[in-house]
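Asks: here is my input; please provide its structure:
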Amino acid sequence: MTVFSKTVSFNDLVPLLSALELPDTLKMLFSYRNFVHALAGAVGSVTAMTVFFPLDTARTRLQVDDKRKAKNTAYVLRDIFQEEGLQSLYRGLLPVLCSLYCSNFLYFYTFNGLKTVFVGKGKTSSSLQDLLFGYLAGIVNVLLTTPLWVVNTRLKLQGASFRTKGLETSETKKYKGIIDGLQRISREEGLVSLWSGTGPSLVLAGNPAIQFMVYEAIKKFLMEDNKKSLRGRQYFALGAVAKTVSTVVTYPLQVAQCRQRSGQKTPSGKGDIFSFMARIVKDQGFIGLYKGLEAKLLQTVLTAALMFVAYEKIAAFIFRLLRKSSR
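Replies: As a prediction, the model looks like this:
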C-alpha cells in the first residue's frame with residue numbers, strides 16, 4: 001500500500017500552515033516589531049563597539065595583567081601601541097563584533113518580546129517590570145552566548161605582552177577564530193570550560209537592568225519637574241549617569257570574571273569567582289577590584305550612548321520603510 005503518491009513540496013504545505021492558528025502569545029512573541037528592535041539593537045551595538053574598541057582592549061589588559069600599572073587610559077593605550085603596534089589595539093575585533101551582534105540581537109529580542117507578551121503592544125511598562133524583563137533577558141543571553149565571550153577573551157589576549165610573572169612566560173594557545181576556539185577549548189579543557197564565568201555573568205545580567213531602572217527613575221523625576229519633554233543632551237547625560245551607576249556597582253565581578261575567562265587559576269589552583277576576588281584583595285587591596293575602572297567607564301558610557309542613538313535611528317528608519325511598503 002502506497003502511503004504517499006507524490007513528493008510533498010513546500011507549496012503544498014503553505015495552505016496547511018496558513019490554516020493553523022498560532023496562539024496569540026506566539027504571534028506577539030514572533031512579531032516583526034520585536035525582530036526590528038533586535039536588529040536595530042544588534043547593529044547599533046556593533047557600530048558603537050567598532051568605534052571604541054581600543055578602550056575595551058585597554059580595559060581587558062588592565063583587568064588580567066596584575067603588574068601593568070593602573071595608569072590613565074591614554075597612557076595604557078600608548079604603552080600597548082609602543083610595545084605591540086597599532087594592530088594590537090584591534091586584536092580580536094571581528095570575533096567580538098560577531099559575538100556582540102548575536103548577543104545583543106538575542107537580548108533585545110527577548111526583552112521586547114517579554115514586554116509585548118506580558119504588558120501588551122504599545123502599552124507602557126513600569127520601572128519594576130523593565131527591571132525584571134531586563135534581568136530575564138540578560139539570563140537568557142548569558143546562558144546561550146557565554147561560550148562566545150570565553151573564546152573572545154582568549155583571542156584578545158593571545159600574542160599580548162604581559163608583565164605579570166607567570167603570564168609573561170606562559171605559552172598562549174593560538175586559536176584561529178571563534179569556531180576553532182570553541183572546538184579546542186571543549187576538547188582540551190572540557191565542555192564546562194566554555195561556560196567559565198557563568199556565575200558572575202548571571203549576577204551581571206542585572207547590569208543593563210540597573211542601568212535602565214536608574215535611567216527611567218531620573219527621567220520621570222525630571223519630566224515631572226519640568227512638565228515637558230527633555231532635550232537630546234539631557235537624555236545623553238541620563239544614559240551616561242545610569243551606565244556609570246550600573247558599572248560601578250558590578251565592576252569587581254567583571255574583573256574576576258575576566259580572569260576566569262582568560263583561563264587563569266589562583267595559586268591554590270582554584271578558579272571560582274570568589275577565589276579570584278580574594279586573591280586580588282590579598283595582592284592589591286580592595287582598590288585592585290576596581291583596576292581598569294576608568295577605561296571601563298570611558299568605554300561603556302561612550303559605547304552605550306552611541307549604541308542607543310544608532311538603535312533609535314535604525315529602528316525608526318526600518319519602521320518608516322515598513323509603513324511605506326504596507327501602503
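Asks: any idea which helix or strand carries residue 120?
Replies: Assessed by DSSP states H and E, residue 120 sits outside every helix and strand.
Asks: any chance of the backbone angles for residue 30?
Replies: phi -100, psi 40 (degrees, to the nearest 10).
Asks: that one: neighbouring residues, count only.
Replies: Here the number of neighbours of residue 30 (other C-beta atoms under 10 Å) works out to 13. Placement of C-beta: from N, CA and C, glycine included.
Asks: do you know how far it is from residue 118?
Replies: The spacing between residue 30 and residue 118, counted by C-beta to C-beta, to the nearest Å, is 15 Å.
Asks: ranges for the helices of the stretch 1-150 of the chain?
Replies: Using DSSP state H, counting those that start in this stretch, the helices of the stretch 1-150 of the chain run over residues 10-19, 24-29, 32-64, 73-84, 93-118, 127-157.
Asks: of the ones you listed, which approaches residue 193 most closely?
Replies: Nearest to residue 193 among the helices of the stretch 1-150 of the chain is helix 127-157; the distance by C-beta to C-beta comes to 7.2 Å.
Asks: redo the helices of the stretch 1-150 of the chain as CSV? Include mean pLDDT.
Replies: Shown next, in CSV, are the helices of the stretch 1-150 of the chain (pLDDT from 0 to 100):
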stretch, mean pLDDT
helix 10-19, 47
helix 24-29, 70
helix 32-64, 86
helix 73-84, 81
helix 93-118, 89
helix 127-157, 87
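Asks: would you turn the ones you listed into JSON lines with mean neighbour count and distance to residue 238?
Replies: Converted to JSON lines, the helices of the stretch 1-150 of the chain look like this (neighbours: other C-beta atoms under 10 Å; distance: least, C-beta to C-beta, whole Å):
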{"stretch": "helix 10-19", "mean neighbour count": "8", "distance to residue 238": "45"}
{"stretch": "helix 24-29", "mean neighbour count": "13", "distance to residue 238": "29"}
{"stretch": "helix 32-64", "mean neighbour count": "21", "distance to residue 238": "17"}
{"stretch": "helix 73-84", "mean neighbour count": "15", "distance to residue 238": "23"}
{"stretch": "helix 93-118", "mean neighbour count": "20", "distance to residue 238": "19"}
{"stretch": "helix 127-157", "mean neighbour count": "20", "distance to residue 238": "14"}
